[in-house]
Structures are given as structure tokens and as C-alpha cells.
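sequence and predicted model, in that order:
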Amino acid sequence: MPEFISSATRFVALPDGFPMKRGGVLNGSRIAYESYGNLNETRNNVILILTGLSPSAHAASHEDDPTVGWWEGMIGPGRPVDTDEWHVICINALGSCKGSTGPASVDPRTGESYRLSFPELSIEDIADAAASAVRALGIPHVECVIGASMGGMASLALITRHPELVRNHINISGAVHSTPFASAIRSVQREAIQTDAYWRRGQYNQEQYPENGMITARKLGLISYRSALEWDGRFGRDKAGEWGSSSPHFAPELPVEMYLDYHARRFARTFDPNSYLYLSRSIDRFDLGDMGTLAGMHLERAMVIGVRSDLLFPLHQQDQIAEGLRAGGTDVTFLAMESEEGHDAFLIDLRRFGPPIARFLSSLLPQLRDAAPLFSNRRAGGSLD
């Protein structure tokens, strides 16, 4: 099956025999990343970004790939994650189809795609793979790890399992476990893919592809990523034309239907269905534990951001993270955003998210000021061209 890899993606090898939490090992595997900004002489100005389910490592445009990244307005010179000050590494999650080894990758044992022979995936595996990649790049520690959505879960797992690696943390719309509502949504998404006649227990190809299942799964995702207020404000009761037009029976006619259909179809063939299933289930299976686990992290500082209109990762989950970290002595800033954009607010509402993230990261800089730039970003040690 094809993987979807941006032109500037770099790779770092995972060690052979990389162990997976739920059993099995990976050999000949890799992690995809992109980086931005200069690494200083002491290699201590590093920000690590862990992504949600579907993004690649291409978070922002740069000279090697000028295409718009998924967090374009947030990363770059003079932006909230300021690459004039920071060396930013964005990692594509293990299990994805966008460069890191996953079900769409070739299994070196067989020369064929893993498909469902890929080992069961956990958020902890994603965290361990990110830690391995950082170390392989010669980074002694990460000044701040930023994780949103699934990346917020992976960040917490990283801090728990590799406490020596991270000093500070920004958690955006993350959680220590999935809510029943969010798991229900993802369960139906997975069912839509698996019940498509062309899924064939993961043995699809480009000609016989579970496109309808992917479209339905994506529509459910799009609905849950935003709030009811946002949908109402955008579409209201607008309609494309008069009721009873000559369009085919039950074809999309409301603007909201057309919006969902367009964006879901655009996504359906840009993400591997098996990878979607693996990553989705890893989110639902994740459970960091009780408040004691958070209290045991002992970070220096953390910022936890939630959105009042978020359906998938509701605000009380971010409050729980903040209280748990605070109980362990971490200096925590907790922000409850009023955005109507729901779970996707961190991607869209940069006017609200940008300033507090910029202030938090700026407050970490004084101890780094004396470190001079050493070399440029995308050729940092450990990359495999």
C-alpha cells in the first residue's frame, strides 16, 4: 500500500528488535520527522512536537518544502513557536502512513506491506519511538514537548516513561484516557471502514479500496472535531437550492452535507485505512492511570490548554491533567479557551492559542540565551537520507 510522505521528510532508524507494548518487535523500522530552526551549541533549545492521528511531520513550510504545513501559523520565525530561538522537531507517529513505520510499510521479513500483521499499537509505543528518535538525533533532553489531541496523550506517556528526557510540557486538548463518548465515535469510525466490502480484512488495493468506509469515518470525525455552535454559525439553515430539485434521490443538498462530503472525499485516499484503524484503537486503549501518575512526573513547568466546546477531549480532562501535575509540584498554567471551534480549535483559532504559547515558550528562554547556533536544522545528526 502507498505511504504519503512529504518531500522534506527525514528519517531516523529505530533499533532492531524495537519492542511493542502489547507484544511483537519491529526490525528495520524508522521514524519520520521534520525540523525547523537551528540547534544551539549545547543542544538544549529543542522543542518536540507530537501530532494527532492524521498529521504528517510537515507542520510548517520551510526552504526544503514550501507547502503549507498543518500548524503553519504557529511555527516559524517570529511566530509563537519561534524558530529564531528554538530548534523544533516534529515527529510523525509510529503506526502512521506518512513516513514512520506502520501497517502500510513494507515488512522486511516478507517484502510485502505489513497490513494486519503489524504488531498491535499503543500510545506508549508511539512515545517510546519518539524518545528513541530524539536520542538517535543526539539530543540530550527536550526543553519542551508539545502535544495536542493524540499527541497530548503520547506526550504524557513520553514524560512518564522517559522522565529524564523532558523538562517542560504544553498539553493541548489532551487526556489521560478516552471518554466513552469519544470511544463510541471512534468505534463507529472503525466499523465503517471494516464493514466496507473492499476492506477485505486489510487486503485492499488501489482498485478495490474501502473508500466509502473512509468517507463515512472522516465525516464522523469532522462532525466531532467541531462544536454544534460552530456548525450552526457557519451553516444555519442555509440550503443549496429549492427543496425537491432534480438532484438524485438523497444526494447532499444542504451546504453542511456538501461540506462534509467534499472534505471527507478529499481525505479518503490520502490516509491508509489500516493505519487509521491501528491509531484510532491505540487512542481508545490508552489509560495513563490515576492522579498519582501525573503527580509523579515532576516537570519544571507545564501549560495545559483545553476548549470549553471540545466534544472529543472535554475540558474536565485537561483540568485533571493540570491538577495532577500541580499535585506533584509542577508549576502549571491552566487555560480554558472559549473558542467555538471545538477540538480543532488549536489548528484554527491561532489568535487565541498563539499568544499564551508564545509567552510560555519565551519564559523558558533566559537559561538558553548564551548558547550559540551550531548547525542548521534539517541535517541534524542522526538523519538518514
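Received, thanks.

can you pull up the bridge partners for the nearest residue to His169 once chain neighbours are set aside?
Closest residue in space to His169, ignoring its immediate chain neighbours: Ala302 at 4.5 Å, by C-beta to C-beta, 6 or more residues apart in numbering. Placement of C-beta: from N, CA and C, glycine included. Counting by DSSP bridges, Ala302 forms beta bridges with His169, Val332.

mind listing what Ala302 touches?
Asn168, His169, Ile170, Asn171, Ala322, Leu325, Thr330, Asp331, Val332, Thr333 (C-beta atoms under 8 Å, 6 or more residues apart in numbering).

what's the closest of these to Glu230?
Asn171 (22.5 Å; C-beta to C-beta).

quick check: the closest one is in a strand.
Yes. Asn171 sits within a strand when classified using DSSP: H, G, I helix; E, B strand; the rest coil.

let me see the contact set for it.
The contact partners of Asn171, taken as C-beta under 8 Å, 6+ apart, are Gly147, Ala148, Gly152, Ser155, Leu156, Ala302, Met303, Val304, Ile305, Gln318, Ile321.

buried residues in stretch 150-162, which are they?
Within stretch 150-162, the residues that count as buried by 16 or more other C-beta atoms under 10 Å are Met150, Gly151, Gly152, Met153, Ala154, Ser155, Leu156, Ala157, Leu158, Ile159, Thr160, His162.

swap in stretch 287-303?
Residues of stretch 287-303 classed as buried by neighbour count (16+ other C-beta under 10 Å): Leu288, Met291, Thr293, Leu294, Ala295, Met297, Leu299, Arg301, Ala302, Met303.

keep only those of the residues you listed that are in strands.
Arg301, Ala302, Met303 (DSSP state E).

dump those residues to JSON lines, plus pLDDT and distance to Gln203.
Written out in JSON lines, the entries for those read as follows (pLDDT from 0 to 100; distance: C-beta to C-beta, whole Å):
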{"residue": "Arg301", "pLDDT": "97", "distance to Gln203": "48"}
{"residue": "Ala302", "pLDDT": "98", "distance to Gln203": "44"}
{"residue": "Met303", "pLDDT": "98", "distance to Gln203": "44"}
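
and of those residues, the nearest to Ser56?
Each of these was scored against Ser56 by C-beta to C-beta, and Met303 proved nearest at 24.7 Å.

just checking, what packs against the helix or strand hosting Ser155?
Take DSSP states H and E as the rule and Ser155 turns out to sit in helix 150-161. Using 3 or more C-beta pairs under 8 Å, 6 or more residues apart in numbering; DSSP states H and E, the elements in contact with helix 150-161 are strand 46-50, helix 123-136, strand 142-148, strand 166-172, helix 273-285.

how about the ones you listed, which one is nearest Glu3?
Distance to Glu3, taken as C-beta to C-beta, is lowest for helix 273-285 among these, at 8.9 Å.

rounded mean pLDDT for the closest one, please.
Model confidence over helix 273-285 averages 98 on the pLDDT scale.

and the angle for that helix with helix 150-161?
Counting by axes from the mean of the first three to the mean of the last three C-alpha atoms, to 10 degrees, helix 273-285 lies at 60 degrees to helix 150-161.

quick one: the helices in this protein?
When assigned using DSSP state H, the helices of the chain occupy the ranges 123-136, 150-161, 180-194, 211-225, 228-235, 255-268, 273-285, 291-295, 315-327, 345-348, 350-363.

winner for burial among the ones you listed?
Stretch with highest mean neighbour count among those: helix 150-161 (a mean of 26; mean count of other C-beta atoms under 10 Å).

tell me which of the helices of the chain lies nearest to Gly37.
Of those, the one closest to Gly37 (C-beta to C-beta) turns out to be helix 350-363, at 11.9 Å.

touching, Arg161 and Ala129? I think so.
No. Counting by C-beta atoms under 8 Å, Arg161 sits too far from Ala129 to count as a contact (11.2 Å).

mind listing what Gly52 touches?
With contacts defined as C-beta under 8 Å, 6+ apart, the neighbours of Gly52 are Ala148, Ser149, Met150, Gly151.

picking that back up, so what touches the helix holding Ser155?
For helix 150-161, the external contacting residues (C-beta under 8 Å, 6+ apart) are 49-53, 93, 123-124, 126-128, 130-131, 145-147, 165-166, 169, 171-176, 279, 282-283, 286, 288, 293-294, 296-297, 299, 313, 321.

for Leu315, see how far away Val304 is.
Taken as C-beta to C-beta, to the nearest Å, the spacing of Val304 relative to Leu315 amounts to 10 Å.

how about Met214?
From Met214 to Leu315 the distance is 30 Å (C-beta to C-beta).

again with Pro80
The spacing between Pro80 and Leu315, counted by C-beta to C-beta, is 21 Å.

same deal with Tyr259?
As for Tyr259, its distance to Leu315 is 26 Å (criterion: C-beta to C-beta).

what stretches of the stretch 151-300 of the chain score poorly on pLDDT?
Scanning the stretch 151-300 of the chain for pLDDT under 70 picks out the ranges 238-247.

can we see that at 80?
Under the criterion pLDDT under 80, the flagged ranges of the stretch 151-300 of the chain are 236-249.

got CSV for the helices and strands packed on helix 150-161, with distance to Gly236 too?
Listed next are the helices and strands packed on helix 150-161 as CSV, based on distance: least, C-beta to C-beta, whole Å:
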stretch, distance to Gly236
strand 46-50, 36
helix 123-136, 38
strand 142-148, 29
strand 166-172, 29
helix 273-285, 31
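
for the ones you listed, which one sits closest to Met20?
Smallest distance to Met20 across the helices and strands packed on helix 150-161 (C-beta to C-beta): 5.2 Å, for helix 123-136.
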